[in-house]
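A.B. asks: generate a structure from the sequence data that follows.
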Amino acid sequence: MARVGFIGLGNMGGPMAANLRAAGHEVTAYDVLPQARDAARVQGHAIAFDPPAAVKGAEIVITMLPAGADVLAVYAQALGVARPGTLWIDCSTIDVASARAAHEAAHAAGMESLDAPVSGGVAGAAAATLTFMAGGGEGEFARARPVLAAMGNRIIHCGGPGSGQAAKICNNLILGISMIAVSEAFVLAERLGLAPQPLFDVVSSSSGQCWSLANCCPVPGLVAASPASHGFKPGFAARLMLKDLRLAAAAETGEAPGLAASAAALYDRFVASGHGDEDFSAIIKLIRAAAAGTPIRPAEISCNDP
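C.D. replies: Below you'll find the model as predicted:
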């Protein structure tokens, strides 16, 4: 079992750290928010009050942070405290350039490193069924695998530094666009007088079948476990989908903007109207309002989960 420093205890990081401890790893945890540290203390983790204290003496350091700037700031603050050869695994979803800069900083400090963003959402983090998309050397990947296996059931080596982030951005580009398409189809069906259930029955067994429909159907009552059937509680929040689509749009090249930019624009309008803490499948609200020629209503209930 490993001594792990875990930095970032939000909706994803908190249950991931808990699963590490349940698997027998020794976890020293840190988050900038006192309430997140308090929750980690209740779970039995040793608590650090800054990043350097979290990484001191660790064999492996895991970060789960909001943005590339946050990751690089933690690396700048704490790399000098860690012992040489410590393996740093960043599970955040950030831009590829920042991921590669984090690898460079770690290697310059005598560390090993891996970028390993995840797919599976809050439910996957809690159930330890996440998919990890890893970028880095073969040796680092082999060393990280037993620790990642405590938090997920699919661990895929995607290539060199930054490849994990590239895979995550591409995956969520498909996810975001497919959810918009599924939502548009249900709204179109409403306008054509087709009930949701027969449309679901047809599409779920035909060529339109996709993960967004099967797991996050945006119409309540069709899929019992979908966020739509639970008031659009995330899941995967719309503001996080917007973040990932912006990353994809920024990475696209060419004269004409791709679908990433169009999808990001829709989610931008949705989040700006106050729905950022609802599940990303709630984008159907914006699409339905646009089809009716009415403005989308501001969110009335926040699904924000500390």
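A.B. asks: quick one: the strands in the stretch 151-300 of the chain, in order.
C.D. replies: Counting by DSSP state E, counting those that start in this stretch, the segments of the stretch 151-300 of the chain that form strands are 152-159.
A.B. asks: mind listing what's buried in stretch 182-195?
C.D. replies: Residues of stretch 182-195 classed as buried by neighbour count (16 or more other C-beta atoms under 10 Å): 182-187, 189-190. Glycine gets a C-beta too; all of them are placed from N, C-alpha and C.
A.B. asks: with just CA atoms, put the helix or strand harbouring residue 123 into PDB.
C.D. replies: Assigning secondary structure by DSSP states H and E places residue 123 in helix 121-127. The C-alpha trace of helix 121-127 is given here as PDB (Å, rounded to 0.1, in the frame of the first residue of the first chain):
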ATOM      1  CA  GLY A 121     -18.900  11.500 -13.000                       C
ATOM      2  CA  VAL A 122     -19.800  11.700  -9.400                       C
ATOM      3  CA  ALA A 123     -21.500   8.400  -9.400                       C
ATOM      4  CA  GLY A 124     -18.400   6.700 -10.800                       C
ATOM      5  CA  ALA A 125     -16.200   8.400  -8.300                       C
ATOM      6  CA  ALA A 126     -18.300   7.200  -5.400                       C
ATOM      7  CA  ALA A 127     -18.600   3.600  -6.800                       C
END
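A.B. asks: show me what it is packed against.
C.D. replies: Applying 3 or more C-beta pairs under 8 Å, 6 or more residues apart in numbering; DSSP states H and E, one finds that helix 121-127 makes contact with helix 13-22.
A.B. asks: please compute how far the helix it packs on lies from its chain's middle.
C.D. replies: Relative to the chain's own centre, helix 13-22 is displaced by 16 Å; criterion: C-alpha atoms, centre = their mean, to the nearest Å.
A.B. asks: and that helix, what does it pack against?
C.D. replies: Packed next to helix 13-22, using 3+ C-beta pairs under 8 Å, 6+ apart, are strand 3-7, strand 26-30, helix 34-42, strand 60-63, helix 121-127.
A.B. asks: of all these, which one is nearest residue 102?
C.D. replies: Closest to residue 102 of the helices and strands packed on helix 13-22 is strand 60-63 (C-beta to C-beta; 8.6 Å).
A.B. asks: residues contacting that closest one, please?
C.D. replies: For strand 60-63, contacts defined as C-beta atoms under 8 Å, 6 or more residues apart in numbering pick out 2-8, 16-17, 20, 54-55, 71, 74, 78, 82, 86-92, 144, 147.
A.B. asks: residue 258: which of the buried residues of stretch 182-195 is nearest?
C.D. replies: residue 184 (17.8 Å).
A.B. asks: so what pLDDT did the residue lying closest to that closest one once chain neighbours are set aside get?
C.D. replies: Spatial nearest neighbour of residue 184, chain neighbours left out: residue 287 (5.6 Å); criterion: C-beta to C-beta, 6 or more residues apart in numbering. Note for residue 287: predicted pLDDT of 97.
A.B. asks: for residue 143, what are its contacts?
C.D. replies: Counting by C-beta under 8 Å, 6+ apart, residue 143 has contacts 87, 112.
A.B. asks: in the helix or strand where residue 74 lies, what's buried?
C.D. replies: Taking DSSP H and E as the definition, one finds residue 74 inside helix 68-78. Neighbour-count burial for helix 68-78, counted by 16+ other C-beta under 10 Å, picks out 68, 70-72, 74-75, 78.
A.B. asks: can you check stretch 243-257 too?
C.D. replies: In terms of neighbour count (16+ other C-beta under 10 Å), stretch 243-257 has its buried residues at 243-249, 251.
A.B. asks: any idea how far residue 231 is from residue 88?
C.D. replies: Per C-beta to C-beta, to the nearest Å, residue 88 is found 38 Å from residue 231.
A.B. asks: which one's more surrounded, those two?
C.D. replies: residue 88 (31 against 12; other C-beta atoms under 10 Å).
A.B. asks: ok but the more buried one is inside a helix, no?
C.D. replies: No: Residue 88: not assigned to a helix; according to DSSP: H, G, I helix; E, B strand; the rest coil it is strand.
A.B. asks: would you confirm that it contacts residue 115?
C.D. replies: No: using C-beta atoms under 8 Å, residue 88 is not in contact with residue 115; the gap is 9.5 Å.
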